[in-house]
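*Asks:* Give the three-dimensional model of this entry:
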Amino acid sequence: MSGWEAVVGIEVHVQLRTGRKLFCADRAVFGDAPNTHVCPVCLGLPGALPTLDPDAVELAVRTALALDCTVHRTSIWARKNYFYPDLPKGYQITQFERPLATAGTLAYEGSDGTAEVRIRRIHMEEDAGKSVHDRLPGATAVDLNRAGTPLVEIVTEPDLRRPADVRAFLSALKHLLEYSDVSDCSMEEGSLRADANVSVRPVGETELGTKTEIKNVNSFSGIEKALELEIERQVGLLGGGETVVSETLLWDDHRGTLRSMRSKEESHDYRYFPDPDLPPLALSDAFVERVRQSVPELPGARRTRFQVEYGLSEYDAGVLTQTRAGASYFERVAAVTGDAKQAGNWVMGPLQGLLNARGDTLDDPPVAPESLAEIIGLVRDGTISDGAARQVLGGIADGEGSPAEIVAARGLRQVRDEGALEAWVDEVIEACPDEAARVREGEERLVGFLVGQVMRRSRGKADPRRVNELLRVRLS
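*Replies:* Numbers count the residues shown, from 1 in each chain. Model (predicted):
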């Protein structure tokens, strides 16, 4: 790849979380029986007229504002004409010459640090249906449940140069869309789909090369791999004196290969013209301002605030703001405990471990933030040890009661009786004479081992801080 530079632009289709279709009242849901959410409008029957869903418009405008775009007060619906079995009308309602919004930006952490991608345009459109190739042997079936599903298409400028940066940019975009609550962004369910346009040119050249488009990629890692292969292929062709053909390529995730689908179409191939059944989409200043007020605090701003307001490291702030639900959960725990550092440690550590083990998320947490705050308080005042606290955390998730009730039921209250602690310490020193002798000779790290032995004998009830002190006194 030495001497060559890749140029990549991305087109991202995002399903808006309205629950219904863009121009009719049918439900837009994933996984239901084929062709059960259809009507004359999305089937394209003669005389059926589209009626725009205002909720979809609001979510589309929120998307544009979150990406710092200029929202145009008037945009025009267009018909994109092409024939395909899963497009019953023979055209797709979209926006072309006058889109909803233009000229935005999104920052991401790339190979060379923080970088920015320019957003060329955002427009609204309806989705097509779905061709199903594995349902009937030797035949293709058509499911029109998705036909008419509300989408925004986000088109970037060709500002990306490396496949790894494309993946990083898409991750940042998904993060922002989830925070903005405009889509669930499930690639598995088709709520987020990304196509990449890629060309290569000699380093230092300013003219763009012939581009190809990569489609049918259902993961960010797949996009990265597909781009690596295509860039290598194009460099090989041009380096050998051959030319790159403008075409659309399909990614086969199972085989890790690209194959040609068709020649790359241009805008004139679709014969765009204004939709005669839909008036221009006109937005008032008051409407746009109301939507602007609904845009939540976005990931970058929240990350910065966590560092300033809570004194968190850049890394911790980044982890705690990975999801909007997780960030809000942390803030609630921090508010109740008055200790942001401990709140962060427990949310990122024991709580996340519990969630991973159970397959849960903080969208619907099995432990309320107030309960986690109570556990942190019990550890802080010495009522229970860290180990016992983890047991309490699991007990709450299993529905055993409040932290105080679980501590009482399981007998987890920390033992601070000096006599009992001294007895356990003496027993461990007698049982581990070699380790005790090495501590006396200066091997400090073995103190932790002996503390662990005491905790085991006490079944986690001994106060570890006091045990540590007693061991050091005994072995000094």
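*Asks:* Test my guess that Asp26 contacts Arg20.
*Replies:* Yes: with contact defined as C-beta atoms under 8 Å, Asp26 reaches Arg20; the gap is 6.6 Å. (Glycine included, C-beta is placed from N, CA and C.)
*Asks:* I'd say Leu106 and Ala115 touch.
*Replies:* No: contact criterion C-beta under 8 Å: Leu106 and Ala115 do not qualify, at 9.8 Å.
*Asks:* average pLDDT across the helix or strand hosting Gly9?
*Replies:* Using DSSP states H and E, Gly9 maps to strand 4-15. Averaging pLDDT along strand 4-15 yields 95.
*Asks:* Just give the number of residues close to Gly90.
*Replies:* Gly90 has 11 neighbouring residues, counting by other C-beta atoms under 10 Å.
*Asks:* what secondary structure does the nearest residue to it once chain neighbours are set aside sit in?
*Replies:* Sequence neighbours aside, Phe83 is the residue nearest to Gly90 in space, at 6.0 Å (criterion: C-beta to C-beta, 6 or more residues apart in numbering). Here Phe83 is coil, with the state taken from DSSP: H, G, I helix; E, B strand; the rest coil.
*Asks:* what about Phe83, neighbour count?
*Replies:* 7.
*Asks:* That one and Arg271: what is the separation?
*Replies:* 11 Å (C-beta to C-beta, to the nearest Å).
*Asks:* Please apply the same query to Glu314.
*Replies:* Distance from Glu314 to Arg271, by C-beta to C-beta: 51 Å.
*Asks:* next one: Cys185
*Replies:* From Cys185 to Arg271 the distance is 32 Å (C-beta to C-beta).
*Asks:* Looking at the two, which has the bigger crowd around it?
*Replies:* Neighbour count, other C-beta under 10 Å: between Cys185 and Arg271, Cys185 has more, with 18 against 11.
*Asks:* where's that one, which helix or strand?
*Replies:* Here Cys185 is assigned to no helix or strand, by DSSP H and E.
*Asks:* which residues does it contact?
*Replies:* Val14, Lys174, Leu177, Glu178, Ser191, Leu192 (C-beta atoms under 8 Å, 6 or more residues apart in numbering).
*Asks:* can you count the residues close to Asp86?
*Replies:* 17.
*Asks:* That one against Asp127, yeah?
*Replies:* No: at 9.6 Å, Asp86 does not count as touching Asp127 under the criterion of C-beta under 8 Å.
*Asks:* list residues touching both of these two?
*Replies:* Joint contacts of Asp86 and Asp127 (C-beta under 8 Å, 6+ apart) are Ala147.
*Asks:* okay, the angle between the longest helix along the chain and strand 4-15?
*Replies:* If you go by DSSP state H, the chain has its longest helix at helix 220-239. Between helix 220-239 and strand 4-15, the angle comes out at 140 degrees (axes from the mean of the first three to the mean of the last three C-alpha atoms, to 10 degrees).
*Asks:* For helix 220-239, what is the distance to the chain centroid?
*Replies:* Put simply, helix 220-239 sits 25 Å off its chain's centre (C-alpha atoms, centre = their mean, to the nearest Å).
*Asks:* Tell me the strands beside the next helix or strand after it, with direction?
*Replies:* Going down the chain from helix 220-239, the next helix or strand is strand 247-252, by DSSP H and E. Next to strand 247-252 in the sheet, as set by DSSP bridges, lie strand 212-215 (parallel), strand 257-263 (antiparallel).
*Asks:* buried residues in the longest one?
*Replies:* To tie it back to what came earlier, the one meant is strand 257-263. Leu258 (16 or more other C-beta atoms under 10 Å).
*Asks:* What of the shortest one?
*Replies:* Neighbour-count burial for strand 212-215 flags Thr212, Glu213, Ile214, Lys215 (criterion: 16+ other C-beta under 10 Å).
*Asks:* returning to that earlier point: which other helices and strands contact the longest helix of the chain?
*Replies:* strand 4-15, helix 163-180, strand 192-202, strand 212-215, strand 247-252, strand 257-263 (3 or more C-beta pairs under 8 Å, 6 or more residues apart in numbering; DSSP states H and E).
*Asks:* Quick check: closest non-adjacent residue to Arg465.
*Replies:* Gly382 (7.8 Å).
*Asks:* how close does the one you found get to Pro464?
*Replies:* 10 Å.
*Asks:* who's more crowded, these two?
*Replies:* Pro464 (19 against 14).
*Asks:* quick one, what contacts that one?
*Replies:* Ser385, Asp386, Val451, Val454, Met455.
*Asks:* Now for Thr210: which residues touch it?
*Replies:* Ser199, Thr243, Val244, Val245, Ser246.
*Asks:* do that again at 6 Å, thanks
*Replies:* By C-beta atoms under 6 Å, 6 or more residues apart in numbering, the contact set of Thr210 is Ser199, Val244, Ser246.
*Asks:* Same question for Leu281.
*Replies:* Ser75.
*Asks:* next one: Tyr108
*Replies:* Ala168, Phe169, Ala172.
*Asks:* Wasn't it part of a strand?
*Replies:* Yes: counting by three-state DSSP, Tyr108 is found in a strand.
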